[in-house]
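Asks: generate a structure from the sequence data that follows.
(one chain, ligands or ions: 1)
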Amino acid sequence: MRVPLIAGNWKMYKTVAEAVDLVDGLLAGLGNPSDREIVVCPPFTALHALSPLLRGTEIHLGAQDVYPEVQGAFTGAISPVMLRDLGCQYVIVGHSERRQIFGEGDALINRKLHSAMTHGLRPILCVGETKPERDSGRAESVVVGQLRGCLEGVAASAAADLVVAYEPVWAIGTGDTATPADAQSMHAAIRQVLAEILGSEAASSIRLQYGGSVKPDNVDELMAQPDIDGALVGGASLKADSFLRIVQFR
Ligand code: 13P
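Replies: I've put the predicted structure just below:
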């Protein structure tokens with residue numbers, strides 16, 4: 001009942017021309033996948049060019065971040081209304097790079113999540129522990145804390161639009177993927193907390209993605225886990241052939 005969701009987070013890669021090339025390659029090789037959902041999250045600068053190319057296709061458009069306000073004197077920020085205007089359906093909030101490099105905390109991420117939902121964007125909420133947090137046995141409590149902080153005030157009725165991505169920070173861009181068993185165990189813990197916050201019915205409908213060095217050669221094992229409903233892919237989403245193989249997980 002949870003449709004698997006494979007999303008590519010392109011991070012700060014691709015000029016407009018390169019982004020168009022990549023989307024052309026994806027559309028050419030995609031076929032007609034009816035049992036899974038696909039999203040690409042290019043940099044803001046490529047959204048306008050990609051929107052008409054993706055309209056009516058199997059690939060949905062997402063953004064990598066959003067500011068909670070609709071408009072105003074917020075230099076450098078992009079509003080949810082602007083993203084909707086460009087055809088975005090999804091938006092990543094709380095990515096660990098936003099948390100670590102740009103100093104975002106759960107309170108701001110919570111505002112972003114509410115604003116995204118209010119304006120018709122489906123948030124992909126990222127959570128995940130660092131290496132020292134895992135090594136000191138705190139991985140689960142860190143993730144639970146992030147979930148509680150970021151989901152403050154979210155109603156169970158909004159759950160259908162929510163996606164949670166578990167991205168252990170030590171697995172991002174390192175080639176050091178969580179084992180399928182470790183990922184599954186954290187996903188099960190996340191679903192348990194979601195049940196406490198939003199109720200068990202909502203929790204069982206929310207898609208949980210794994211992210212962190214997802215590649216063509218490990219996606220099948222990860223996707224075979226019962227609580228892993230998708231992948232949030234960084235590096236391997238930047239080339240058509242590798243992302244297509246991930247989308248075509250078996
Ligand atoms: P990598 O797939 O490059 O490890 O990145 C994961 C990620 O941060 C996706 O949001």
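
Asks: quick check: residues of the protein near the ligand?
Replies: Contact residues, the chain versus the ligand (Cβ under 6 Å from any ligand atom): 9, 95, 167, 172-173, 211-214, 232-236. No exception for glycine: its C-beta is placed from N, CA and C like everyone else's.

Asks: tabulate the residues you listed in JSON lines, adding columns for secondary structure, neighbour count and pLDDT.
Replies: As requested, these are exported to JSON lines (DSSP: H, G, I helix; E, B strand; the rest coil; neighbours: other Cβ atoms under 10 Å; pLDDT from 0 to 100):
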{"residue": "Asn9", "secondary structure": "strand", "neighbour count": "26", "pLDDT": "98"}
{"residue": "His95", "secondary structure": "coil", "neighbour count": "28", "pLDDT": "98"}
{"residue": "Glu167", "secondary structure": "coil", "neighbour count": "25", "pLDDT": "98"}
{"residue": "Ile172", "secondary structure": "coil", "neighbour count": "21", "pLDDT": "95"}
{"residue": "Gly173", "secondary structure": "coil", "neighbour count": "13", "pLDDT": "93"}
{"residue": "Gly211", "secondary structure": "strand", "neighbour count": "27", "pLDDT": "98"}
{"residue": "Gly212", "secondary structure": "coil", "neighbour count": "26", "pLDDT": "97"}
{"residue": "Ser213", "secondary structure": "coil", "neighbour count": "21", "pLDDT": "96"}
{"residue": "Val214", "secondary structure": "coil", "neighbour count": "29", "pLDDT": "97"}
{"residue": "Leu232", "secondary structure": "strand", "neighbour count": "27", "pLDDT": "98"}
{"residue": "Val233", "secondary structure": "strand", "neighbour count": "27", "pLDDT": "98"}
{"residue": "Gly234", "secondary structure": "coil", "neighbour count": "20", "pLDDT": "98"}
{"residue": "Gly235", "secondary structure": "helix", "neighbour count": "19", "pLDDT": "98"}
{"residue": "Ala236", "secondary structure": "helix", "neighbour count": "20", "pLDDT": "98"}
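
Asks: make JSON lines out of the residues you listed and add distance to Ser200.
Replies: As requested, the residues of the chain next to the ligand are exported to JSON lines (distance: Cβ to Cβ, whole Å):
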{"residue": "Asn9", "distance to Ser200": "29"}
{"residue": "His95", "distance to Ser200": "28"}
{"residue": "Glu167", "distance to Ser200": "24"}
{"residue": "Ile172", "distance to Ser200": "30"}
{"residue": "Gly173", "distance to Ser200": "35"}
{"residue": "Gly211", "distance to Ser200": "25"}
{"residue": "Gly212", "distance to Ser200": "27"}
{"residue": "Ser213", "distance to Ser200": "31"}
{"residue": "Val214", "distance to Ser200": "28"}
{"residue": "Leu232", "distance to Ser200": "24"}
{"residue": "Val233", "distance to Ser200": "29"}
{"residue": "Gly234", "distance to Ser200": "32"}
{"residue": "Gly235", "distance to Ser200": "35"}
{"residue": "Ala236", "distance to Ser200": "34"}
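
Asks: farthest pair within those?
Replies: His95 and Ala236 (16.4 Å; Cβ to Cβ).

Asks: helix or strand right after the top helix by length along the chain?
Replies: Counting by DSSP state H, the longest helix found in the chain is helix 180-198. On the C-terminal side of helix 180-198, the closest following helix or strand by DSSP states H and E is helix 200-205.
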